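J.: Output the structure for:
(one chain, ligands or ions: 3)
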Amino acid sequence: MRNKIVFYLNGQRKEASAKEASMMLADYLRYEQGLTGTKIVCAEGDCGACSVLRYFPHVDGKDAQNYLPINSCITLVAGLDGSSLVTVDALKEKDELHETQKAMVECHGSQCGFCTPGFVMTITGLVEEKLASKETSINEQEAKNCMTGNLCRCTGYKPIIDAALNIDLTKCQGLKERFYSEKQEVDLIKAFSESVLIESDDFFYFAPKTLKEALNFLKDYPDTKIIASATDLGVVHNKRKITLNRLLSLHLMQEMYQIEQKGNEIKFGARVTHTEFRHFMKDKLPEFSNYLDIFASPQIKNIATVIGNIANASPIGDTPPAFLALDATVCVIGPKGEREIPITKFFLAYRKTALENGELITAVKFNIPQKSSSVRFYKNSNRKDLDISAVNFAIRVDWKDDTKKEIKDIALAAGGMAAIPLRLTKTENYLKSHFDIEGAVKELHSEFTPLSDVRASSTYRRILVENFFRSFFNEMGGVQ
Ligand SMILES: Cc1cc2nc3c(=O)[nH]c(=O)nc-3n(C[C@H](O)[C@H](O)[C@H](O)COP(=O)(O)OP(=O)(O)OC[C@H]3O[C@@H](n4cnc5c(N)ncnc54)[C@H](O)[C@@H]3O)c2cc1C
Ligand code: FES
Ligand code: FES
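T.: Ligands and ions are numbered 1, 2, ... in the order given. This is a model prediction of the structure:
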């Protein structure tokens, strides 16, 4: 049993016991390591000033093979077990700036400079991706997309985008060559062979190798919080609404990283990130992949788990309506053994799920709709990128035939319209027997009790869902 978190920081091996492991990475870097290049501005994952690059060698996914940007302000040091990190402080090599830094200087990409280290790190993340795929240029859309998780309050985006476009990729050396070695890999893989238990008066953290150990721990310590990547939990912790002091992490179980297709069925484990899921779905259900383009930011997607989004049970979480429309199944294990919960029965009340004491989610599975089916996922938020939805809406229709005039089966789901993500069964049943959109719209409105809040008024939410619903059928050929 290990009693320390092991990771590499700018090529140096680090071990963290309770005090450091319980800190947010940004605080650890600045106050424990004196690496003050990383800035803390919002402390809730929104501005990107704290971005660092992380490589995690334990997953097979092709997308995980690079150093990827993550937000250090909401990532617990404990959550970095087995990672290799690079911070902005180490980018410069002797007196030579990194090509990203040079381009920022040449294009005047920095004004007050507070956001600059974060931009440098996310752009360097894009450079890493380009080097890995042996591409030799960055286009404007790629530059803009990579920066959706970074804010510059001086509104200096144009020179920052110019900087990304002006990087000479042929002169860039990959970070793995500089900061990662086979010796490190052996060390990190070896570290992953043992469970971790860190105990102190105010921090108790267990990362087991097996589900049996996890379940025993949950039985012995029922007030334990399961932690995935903490992009939800870390924000709440930083706002001092909860304390992350008794935690169970599933990150040492290799099976939790699995994502596979068997026949028509996709199954993915509790540690699969949005970035991995998005890439996996690209050719299998492109609608899901495209929908995740506007989920959070690259920094969040690179670490946050899809199952964390489901377990979090937010009424406006973006993936629950999609999984509701796909009739997904939540695979759970607990003291009474394994069970499968249809996702339609998973969300019980505001932030309350069907998980019983001592249970955890191991995987989620669903069938890919047939080619002849139509699937659309919609999201509305005040800003296109990095914003929480006011409303999200998902629809799947299995047609009787290619004319798309008769419905064989339909699933409708919405978020932001009630205390839980909803399946709209009354409207579904109506449409199965009457293919009449105006009548269905009336049914639709009878299924909601939306709130008015800072994101949208109740009336606006109703209008949005109706418009999403109508636009789907208009797209299908204006069915009357
Ligand atoms: C800046 C920012 C932007 C965001 N944007 C979006 C967005 O656009 N759309 C959106 O929907 N969400 C968004 N989120 C929310 C968050 O990123 C997602 O919900 C994410 O998927 C959570 O995953 P995680 O691994 O970080 O979960 P964690 O924070 O680690 O956990 C979330 C919850 O799930 C529970 N949990 C995790 N794994 C399990 C398991 N295996 N079994 C049982 N319980 C478990 C935890 O106990 C906790 O209650 C955003 C968050 C931030 C900070
Ligand atoms: S400090 Fe703003 S995202 Fe971390
Ligand atoms: S340069 Fe000032 S916030 Fe970006």
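
J.: Please name the bridge partners of Ile361.
T.: Applying DSSP bridges to Ile361 yields these beta-bridge partners: Val332.

J.: ok, it touching Leu355?
T.: Yes - between Ile361 and Leu355 there is a contact under CB atoms under 8 Å: 7.2 Å. Heads up, the C-betas are built off the backbone N, CA and C, glycines and all.

J.: where's the closest residue to ligand 1 within the chain, which helix or strand?
T.: Closest residue of the chain to ligand 1, CB to the nearest ligand atom: Gly308 (2.3 Å). Per DSSP states H and E, Gly308 falls inside helix 306-311.

J.: that older thread, any idea of the pLDDT on the residue of the chain closest to ligand 1?
T.: If you check Gly308, the pLDDT there is 98.

J.: For it, give me its contacts.
T.: Applying CB atoms under 8 Å, 6 or more residues apart in numbering, we find Gly308 in contact with 228-229, 231-232.

J.: average model confidence for whatever helix or strand Asn145 lives in?
T.: For Asn145, the host element (DSSP H and E) is helix 140-146. For helix 140-146, the mean pLDDT works out to 96.

J.: Over to stretch 382-399?
T.: 93.

J.: What does the pLDDT read for Gly478?
T.: Reported pLDDT for Gly478: 60.

J.: Show me what the helix or strand Asn429 falls within is packed up against.
T.: According to DSSP H and E, Asn429 maps onto helix 425-433. With contacts taken as 3 or more CB pairs under 8 Å, 6 or more residues apart in numbering; DSSP states H and E, helix 425-433 sits against strand 407-415, helix 437-446.

J.: what's the angle between the shortest one and helix 425-433?
T.: Yep, that's strand 407-415 we're talking about. Here strand 407-415 points in a direction 160 degrees away from that of helix 425-433 (axes from the mean of the first three to the mean of the last three CA atoms, to 10 degrees).

J.: Distance-wise, check the residue of the chain closest to ligand 1 relative to ligand 2.
T.: Using CB to the nearest ligand atom, to the nearest Å, Gly308 is found at 17 Å from ligand 2.

J.: what's the burial count for Glu32?
T.: 14 (other CB atoms under 10 Å).

J.: could we number from 547 for the rest of this?
T.: Got it, first residue is 547 now, which makes that one Glu578.

J.: picking that back up, keep only those of the contacts of Gly854 that are also close to ligand 1.
T.: By CB under 6 Å from any ligand atom, the members of the contacts of Gly854 lying near ligand 1 are 774-775, 777-778.

J.: Kindly reformat the contacts of Gly854 as a markdown table containing pLDDT and secondary structure.
T.: Formatted as a markdown table, the contacts of Gly854 follow (pLDDT from 0 to 100; DSSP: H, G, I helix; E, B strand; the rest coil):
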| residue | pLDDT | secondary structure |
| --- | --- | --- |
| Ala774 | 97 | coil |
| Ser775 | 96 | coil |
| Thr777 | 97 | coil |
| Asp778 | 95 | coil |
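
J.: just curious, which of these is nearest to Glu652?
T.: Thr777 (34.0 Å; CB to CB).

J.: neighbours of the residue nearest to the closest one when sequence neighbours are not counted, just the number please.
T.: Closest residue to Thr777 apart from its sequence neighbours, by CB to CB, 6 or more residues apart in numbering: Ala850 at 4.1 Å. Neighbours of Ala850 under the rule other CB under 10 Å: 27.

J.: for Ala850, what are its contacts?
T.: 774-775, 777-778, 819-820, 842.

J.: 7 Å instead, please
T.: Neighbour list for Ala850: 775, 777, 819-820, 842 [criterion: CB atoms under 7 Å, 6 or more residues apart in numbering].
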